[in-house]
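Participant: build me a model from this:
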Amino acid sequence: MEVKNNPTIYWSLLTHEDWRMYVAATSQGLCYVGSQNKPFAELAEWGQNRFPGSDWIQNDEQLQPYEAELIEYLQGKRQNFTVPFDFRGTTFQLAVWNALCRIPYGQTQSYSDIAEHVQRPSAVRAVGAAIGANPVLITVPCHRVIGKNGSLTGYRGGLDMKTKLLRLEQVGTSNEGSPVHAS
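Facilitator: Below is the predicted model of the structure:
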């Protein structure tokens with residue numbers, strides 16, 4: 001009997017107001033949140049690279065708990081996520097993604113701040129690459145990372161999505177936080 005190393009991936013298309021994004025999870029937790037308004041091909045390409053040989057099943061019911069928290073966030077009703085994650089990466093990537101999760105809602109940090117948090121202050125470019133590889137947008141808040149000079153920088157979901165998320169969080173905070181700069 002052959003044992004598969006890769007889990008079954010359950011996926012769904014989350015739609016809320018003008019948001020449309022694919023989400024995916026294993027039985028262990030959320031493993032992917034896609035870019036706004038991108039086609040299924042974005043999820044399929046990611047899945048072929050990260051989970052080759054896995055079975056893919058569209059299952060809206062399986063994804064409902066994850067989608068519910070994402071929708072609450074998009075409505076400004078949630079600042080932290082409680083769903084389990086199943087993200088896989090290198091030790092360095094996991095350290096960076098965990099550092100992203102410690103950036104408070106409504107605040108931003110620079111790439112060099114994250115490099116300091118992971119105790120690799122000279123690895124700013126590597127931090128940028130790890131952030132770019134983040135498979136779970138929004139829930140692992142890579143949108144909260146900006147350039148050292150305060151400018152918006154690259155984002156897998158696009159700068160429009162990044163700006164929209166930062167503005168959403170600024171509206172949802174009572175303190176003034178960091179301003180959102182449009183470049």
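Participant: residue nearest the middle of this protein, spatially speaking?
Facilitator: Taking CA atoms, centre = their mean, the centroid of the chain lies closest to Leu137, which sits 1.7 Å from it.
Participant: now for it: which residues touch it?
Facilitator: If you count contacts by CB atoms under 8 Å, 6 or more residues apart in numbering, Leu137 has them with Met21, Val33, Gly34, Ser35, His143, Arg156, Gly157, Met161. From N, CA and C alone the C-beta is placed, and that goes for glycine too.
Participant: distance of it relative to Gly53?
Facilitator: Distance, Leu137 to Gly53, by CB to CB, to the nearest Å: 25 Å.
Participant: now do Phe92
Facilitator: When distance is defined by CB to CB, Phe92 is 25 Å away from Gly53.
Participant: just want to know which of those two has more residues nearby.
Facilitator: More neighbours surround Phe92 than the other of Phe92 and Gly53, with 15 against 8 (other CB atoms under 10 Å).
Participant: which of the three states applies to that one?
Facilitator: helix (DSSP: H, G, I helix; E, B strand; the rest coil).
Participant: can you check the pLDDT for Lys4?
Facilitator: Note on Lys4: pLDDT of 48.
Participant: hey, C-alpha coordinates of the strand or helix carrying Ser12 in CSV?
Facilitator: Per DSSP states H and E: Ser12 is located in strand 9-16. In CSV, the C-alpha atoms belonging to strand 9-16 read as follows (Å, rounded to 0.1, in the frame of the first residue of the first chain):
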residue,chain,number,x,y,z
ILE,A,9,-6.2,20.2,-0.2
TYR,A,10,-9.7,21.6,0.2
TRP,A,11,-10.4,24.9,-1.6
SER,A,12,-13.1,27.4,-2.1
LEU,A,13,-13.7,30.8,-3.6
LEU,A,14,-14.4,33.4,-0.9
THR,A,15,-16.6,36.2,-2.1
HIS,A,16,-17.5,39.2,0.0
